[in-house]
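> build me a model:
(2 chains)
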Protein chains: 2
Amino acid sequence: MLIDKLVKKIKTLNAPIVVGLDPRLSQIPGYIKDAVYEAQEKTPEAAAEIILTFNQAIIDSVCDIVPAVKPQIAMYEQYGAAGISCYFRTVEYAKSKGLIVIGDIKRGDIASTAEAYSNAHIGMTNIEGEEFTASTDFITVNPYMGYDSIEPYLSDCKKHDKGLFVLVKTSNPSSSQIQDLKTADERPVYAHVGDLVSEWGRGLIGESGFSNIGAVVGATHPEEGKILRDAMPHTFFLVPGYGAQGGKAADLSGMLNKDGLGIIVNNSRGITGAFLSEKYKSNEKDFAQAARAAVLDMKADLEANL
Amino acid sequence: MLIDKLVKKIKTLNAPIVVGLDPRLSQIPGYIKDAVYEAQEKTPEAAAEIILTFNQAIIDSVCDIVPAVKPQIAMYEQYGAAGISCYFRTVEYAKSKGLIVIGDIKRGDIASTAEAYSNAHIGMTNIEGEEFTASTDFITVNPYMGYDSIEPYLSDCKKHDKGLFVLVKTSNPSSSQIQDLKTADERPVYAHVGDLVSEWGRGLIGESGFSNIGAVVGATHPEEGKILRDAMPHTFFLVPGYGAQGGKAADLSGMLNKDGLGIIVNNSRGITGAFLSEKYKSNEKDFAQAARAAVLDMKADLEANL
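Numbering: from 1, shown residues only, chains lettered A, B, ... in the order given. Now for the predicted structure:
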């Protein structure tokens, strides 16, 4: 099962790390952009070409030391159809390099609409008998609409061995406004969402003891993370918020089970933008090597502090 | 302000109706599909062309009797980049016919990611100084991540006179799982979300007394709708769930203010698929006229029962 493959890769590489691919033109080396702009106008198509070139180099540079990448679709969607094409080409390229791909799409809708999202990302779109299969392994989804907004994805997860990471307790400060509301039984809303996610994942548990249906739990909430780990022993956590948002490796230990497993930690700008930071600052042509160095440093940080 | 324009159009046309454009190939007349398939393979590009042709005919047929259309992006996203191109061309076409466009995208993410979504749909994407402006008027968004996931849109709403409909109490049965959780103060989660939406919209209230920041409240929840109307006097409601999902016109009266205003009711398949129903069944070539007849019947139903 997919989740077992992820767990195995994390163990083999000793790297519970996912590289976030959230490209910003302002954080892409000038020489890549100049080469594209020499040949064409500054259009969404040009932006998409620049981003794909950048992503491919990052993927080439880290694909043997991390199990997964996580493209954030919003950063592509802002370039319209050209951006979406670039997003799916990034997914395909990462898959061709043996990486597990977590599509950070945070979609949430019901019934046939959720089905259409599922077709697009983890299932299959059928055009009068012609089948177009989606390549992404996991997607992130939003639970606010309840089971109706999850069920259509679960069918595809079963059928095509795919997975979800459902938002439970997110890393941003105002996640408290709704997620931390205390309910009548004294528990916060996110704990109830956690219960639902466990329930939804029950039929999809692999040999590793984890389910293809995971949860998003922010690195910035170590206490909540520990409570959720205890309440959700079969749920794998996708953990954003490390680095740039202030989450530290030591904060994550409560999210691990007794085998030291259960999380994959995202880092986006800290890796893809490493070449711009004081620590790795070097020739912009070495951006991919800087990304690799940042992954290795993150690996060491997690090893030392988890 | 945008919301005032919407309110004025609803009054002038006496039609608090938005036509949902959620195209399904199985509900598009065969002769439109055959014409496209004669010239090309059954690809996402062909599907996109079929859908655009269908949408344009529907828009032509209803643009003088309804204030707005609401394309549901999931139904386009399943056709990849070609589908997204079709989505944005549908938005442009509806705008060119004088319609207000509500992009049903239900996005929800934080900080620079939400900004990217906002750029794509209601703001502007800047490519090294070249500006690409988005055409959609309102978008639907998901509040689960709190203010951090709303703030970037609010900036664009102020700057470009755009609007939001934030999910508060959705029409689907399992909306109860999270939205109806009773909190410590005895009120359900959705009531707290309603408070937040009122607060977020405070700076964007127009002459009509309504804010550019609206709420999604399902037609299937008349009691909750009334409570929310009383609690949110300045918030306009986008109301899904009429017709196919079981919501009736009489259920909506509690969502109106004393002037009989405050809602716009969505109908998707009931209008675009009218040509397939027993009531309107006719030659498939008359699908656009059947859609118009269905709008007029819905208008009469709302008039009689609100």
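> so where do the helices sit in the stretch 201-306 of chain A?
Ranges of helices in the stretch 201-306 of chain A, per DSSP state H, counting those that start in this stretch, are A:222-231, A:269-272, A:287-305.
> give the buried residues for the last one.
Which is helix A:287-305. Residues A:287-295, A:298-299, A:301-302 are the ones in helix A:287-305 that count as buried (16 or more other CB atoms under 10 Å in any protein chain shown). Yep, even glycine has a C-beta here, placed from its N, CA and C like the rest.
> same check, this time on stretch A:76-92
A:76-91.
> tell me which residue in the stretch 1-150 of chain A sits closest to chain B.
Nearest residue of the stretch 1-150 of chain A to chain B, counting by CB to the nearest CB: residue A:146, 3.3 Å away.
> picking up where we left off before, run through the buried residues of stretch A:76-92 and flag the ones next to chain B.
A:77-85, A:88 (CB under 8 Å from any CB of the partner chain).
> can you pull out the low-pLDDT segments for the stretch 151-300 of chain A?
By pLDDT under 70, the stretch 151-300 of chain A has no low-scoring segment.
> and it, which of its residues are near chain B?
Counting by CB under 8 Å from any CB, the stretch 151-300 of chain A sits next to chain B at A:167, A:170, A:172-179, A:181-184, A:186, A:189, A:192-193, A:196.
> next step: these restricted to helices.
Taking DSSP state H, the ones among these that sit in helices are A:176-179, A:189, A:192-193, A:196.
> tabulate those residues (a markdown table), appending distance to residue A:61 and neighbour count.
Output for these, formatted as a markdown table (distance: CB to CB, whole Å; neighbours: other CB atoms under 10 Å in any protein chain shown):
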| residue | distance to residue A:61 | neighbour count |
| --- | --- | --- |
| A:176 | 37 | 17 |
| A:177 | 39 | 22 |
| A:178 | 38 | 26 |
| A:179 | 36 | 26 |
| A:189 | 40 | 24 |
| A:192 | 41 | 20 |
| A:193 | 36 | 25 |
| A:196 | 38 | 19 |
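> of those, closest to residue B:101?
residue A:178 (27.7 Å; CB to CB).
> distance of the residue of the stretch 1-150 of chain A closest to chain B from residue A:116?
Relative to residue A:116, residue A:146 is positioned 18 Å away (CB to CB, to the nearest Å).
> equivalent analysis for residue A:246, please.
36 Å.
> which of these two has more residues huddled nearby?
Taking other CB atoms under 10 Å in any protein chain shown, residue A:246 and residue A:116 do not tie; residue A:116 has more neighbours (26 against 13).
> any idea which element the more buried one lies in?
Residue A:116 is located in helix A:111-121, with elements delineated by DSSP states H and E.
> burial count for the closest residue to residue A:80 other than its chain neighbours?
Nearest residue to residue A:80 in three dimensions, chain neighbours excluded: residue A:44, at 5.2 Å (CB to CB, 6 or more residues apart in numbering or on different chains). Neighbours of residue A:44 under the rule other CB under 10 Å: 19.
> what pLDDT does residue A:44 get?
We have a pLDDT of 97 for residue A:44.
> and it, how far is that from residue B:35?
30 Å.
> Throw the buried residues of helix A:287-305 into CSV and include distance to residue A:257, thanks.
Listed next are these as CSV, based on distance: CB to CB, whole Å:
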residue, distance to residue A:257
A:287, 36
A:288, 34
A:289, 34
A:290, 33
A:291, 30
A:292, 29
A:293, 30
A:294, 27
A:295, 24
A:298, 21
A:299, 20
A:301, 20
A:302, 16
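> and the ones in helices among the residues of the stretch 151-300 of chain A next to chain B, which is closest to residue B:58?
Nearest to residue B:58 among those, with distances taken as CB to CB, is residue A:178, at 36.1 Å.
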